[in-house]
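Participant: Sequence first, predicted model second:
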Amino acid sequence: MRRIYLDYNASTPIAPQVARAMHAVLEESYGNPSSDHWAGRVAKDLVEGSRAQVANLLGCTDAEIVFTSGGSEANNLALKGLYFARRGERAHIITSDIEHPSILEPCRFLERWGARITRLPVDGIGRVDPDDLRRAMTSDTLLVSLMHANNEVGTLEPIEACARIACEHGVPFHTDAAQSVGKIPTRVNELGVDLLSIAGHKLYAPKGVGALYVRAGTSLDSLIHGAGHESGRRAGTESALLAVGLGAACGLAQDLGWTSQVRVLRDHLWTSLHARFGDQVVLNGHPECRLPNTLNVSFVGRTGSELLAGLEGIAASTGSACHSGRIELSPVLRAMRVPEDIGAGAIRFSLGRSTTREEIDEAIERITAIVARR
């Protein structure tokens with residue numbers, strides 16, 4: 001039975017172009033980028049060249065890019081770094097109910113240090129209301145952090161409108177763009193953001209590397225202390241290998257032409273399932289304003305985890321979990337107020353660059369067979 005990978009929002013394979021770029025580094029570039037000799041300069045040039053590729057994708061300067069170990073560290077650096085850099089000035093952070101744990105857990109951590117956290121609700125399709133943000137702003141607000149695109153349902157947040165509100169109040173704005181970078185445009189000045197997080201393994205780079213965009217003039221305390229790497233913002237010897245991987249992936253992401261075909265395949269999957277099951281299959285998330293590769297659907301009256309277990313050879317994700325015989329919806333579906341009998345049957349299918357029509361057609365047949373089985 002052919003294996004079909006439809007879990008690209010969880011992780012992407014390393015693109016061949018990225019692998020080739022990294023292979024050259026493995027063979028030739030072993031110097032420490034901080035060493036002031038020929039081997040160090042070779043490695044340093046690779047790191048800085050890669051930094052320029054990331055900056056070019058985001059439309060910022062090279063100096064505004066900080067390499068990290070991934071999206072989680074980038075999010076932690078944005079929140080904790082800003083909080084501790086300005087501790088004693090302001091202590092209010094605004095975020096949303098549907099953020100990734102690497103936002104929500106740092107917020108909980110900062111509450112123990114005196115931060116006050118406001119979590120904005122979302123509507124039934126997963127969108128924050130900018131008016132809710134405006135009402136939540138206070139003279140004590142330090143930071144607004146709202147994700148660009150939701151990892152589960154793909155809904156795109158009104159980042160531009162929310163960033164304008166933050167700017168009007170003189171408050172820095174951070175967005176977790178781990179799911180959106182490489183799928184839709186993420187130019188920082190068009191979005192209006194001051195901080196933006198990237199996760200390499202979501203855009204065909206290896207795991208273990210990411211980046212944080214930090215607008216010039218934004219002060220952050222370091223999370224990792226040591227020597228003055230990354231312009232003093234993150235200690236630790238830079239990995240030329242991982243930097244090259246992320247840089248090559250960002251270079252590849254300049255061309256978003258592939259997303260049009262992926263959108264067609266995603267919509268074909270949805271329309272086919274809806275034609276076969278009618279109102280027994282429900283779309284979760286915004287019907288239009290969402291990532292082009294993401295389809296989150298619920299099979300009414302069924303359990304997503306059980307359906308996935310029966311879909312042998314298909315890699316996808318579920319929005320519910322079974323603990324001691326009790327179904328628990330994901331925090332995202334709960335925040336969207338999805339009824340339990342619908343949310344329990346949620347499955348996320350996320351497509352990628354190499355997904356084919358043949359794979360989608362075969363997936364439709366396998367899904368139909370397992371859903372029809374009682």
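Facilitator: Perfect, thanks for sending it.

Participant: Let me see the ranges of the helices in the stretch 251-374 of the chain.
Facilitator: 258-277, 304-310, 331-335, 340-343, 357-372 (DSSP state H, counting those that start in this stretch).

Participant: a helix runs through residue 131, doesn't it?
Facilitator: Yes: under DSSP: H, G, I helix; E, B strand; the rest coil, residue 131 sits within a helix.

Participant: what's the helix or strand for residue 104?
Facilitator: helix 101-111 (DSSP states H and E).

Participant: Sorry, slip of the keys, the one I care about is residue 164.
Facilitator: helix 159-168.

Participant: ditto for residue 40
Facilitator: Applying DSSP H and E, one finds residue 40 within helix 38-58.

Participant: ok now that helix, how far from the chain's centre?
Facilitator: 23 Å (Cα atoms, centre = their mean, to the nearest Å).

Participant: Then stretch 263-273?
Facilitator: 22 Å.

Participant: Give me the mean pLDDT for it.
Facilitator: Model confidence over stretch 263-273, given as mean pLDDT, is 98.

Participant: How is this protein divided into domains?
Facilitator: 16-252, 257-372 (automatic domain parsing).

Participant: Just name the most buried of those.
Facilitator: domain 16-252 (a mean of 20; mean count of other Cβ atoms under 10 Å). For every residue, glycine as well, the C-beta is placed using N, CA and C.

Participant: Please compute how far it lies from its chain's middle.
Facilitator: That offset, for domain 16-252, works out to 10 Å (Cα atoms, centre = their mean).

Participant: and the end-to-end length of that domain?
Facilitator: Terminal residues of domain 16-252 lie 10 Å apart, using Cα to Cα, to the nearest Å.

Participant: again with stretch 207-223
Facilitator: 20 Å.

Participant: same check, this time on stretch 316-328
Facilitator: 18 Å.

Participant: What of stretch 211-226?
Facilitator: Calculated as Cα to Cα, the first-to-last residue distance of stretch 211-226 is 19 Å.

Participant: What are the contacting residues of it?
Facilitator: With contacts defined as Cβ atoms under 8 Å, 6 or more residues apart in numbering, stretch 211-226 is touched by 54, 58, 60-61, 63-68, 73-74, 76-78, 80-82, 84-86, 172, 188, 193-198, 200, 232-236, 246.

Participant: now do stretch 246-255
Facilitator: In contact with stretch 246-255 (Cβ under 8 Å, 6+ apart) are residues 15, 17-18, 21-22, 49-54, 56-57, 67, 181-182, 198, 200, 203-205, 209-211.

Participant: what about 6 Å?
Facilitator: Residues from elsewhere that reach stretch 246-255 (Cβ atoms under 6 Å, 6 or more residues apart in numbering): 15, 17-18, 21, 50, 53-54, 57, 182, 200, 203-205, 209.

Participant: Could you give the separation of that stretch from the chain centroid?
Facilitator: With Cα atoms, centre = their mean, you get 16 Å for stretch 246-255.

Participant: surely residue 146 meets residue 158?
Facilitator: No: in this structure residue 146 lies outside contact range of residue 158 using Cβ atoms under 6 Å: 8.7 Å.

Participant: Over to the nearest residue to residue 90 once chain neighbours are set aside. Which of the three states is it?
Facilitator: Distances taken as Cβ to Cβ, 6 or more residues apart in numbering place residue 142 nearest to residue 90, at 3.8 Å, with adjacent residues excluded. Three-state assignment for residue 142 (three-state DSSP): strand.

Participant: who's in contact with residue 142?
Facilitator: 90, 92-93.

Participant: from those, which is closest to residue 270?
Facilitator: Nearest to residue 270 among the contacts of residue 142, counting by Cβ to Cβ, is residue 93 at 36.0 Å.

Participant: what residues are up against that closest one?
Facilitator: Here residue 93 is in contact with 115, 117, 142-143 (criterion: Cβ under 6 Å, 6+ apart).

Participant: hang on, it in a strand?
Facilitator: Yes: per three-state DSSP, residue 93 lies within a strand segment.

Participant: okay, who's weakest in the contacts of residue 142 by pLDDT?
Facilitator: residue 90 (95).

Participant: Ramachandran coordinates for it?
Facilitator: With angles defined as degrees, to the nearest 10, residue 90 sits at phi -140, psi 160.

Participant: is it true that it touches residue 138?
Facilitator: No: Residue 90 lies out of contact with residue 138 (Cβ under 6 Å); the separation is 8.9 Å.

Participant: my guess is residue 32 meets residue 41, correct?
Facilitator: No: using Cβ under 6 Å, residue 32 is not in contact with residue 41, being 10.4 Å away.

Participant: what about residue 274, distance to residue 1?
Facilitator: 25 Å (Cβ to Cβ, to the nearest Å).

Participant: Sorry, wrong one. I was asking about residue 170.
Facilitator: 57 Å.

Participant: same thing with residue 113?
Facilitator: From residue 113 to residue 1 the distance is 52 Å (Cβ to Cβ).

Participant: can you tell me which residues contact residue 147?
Facilitator: 99, 176.
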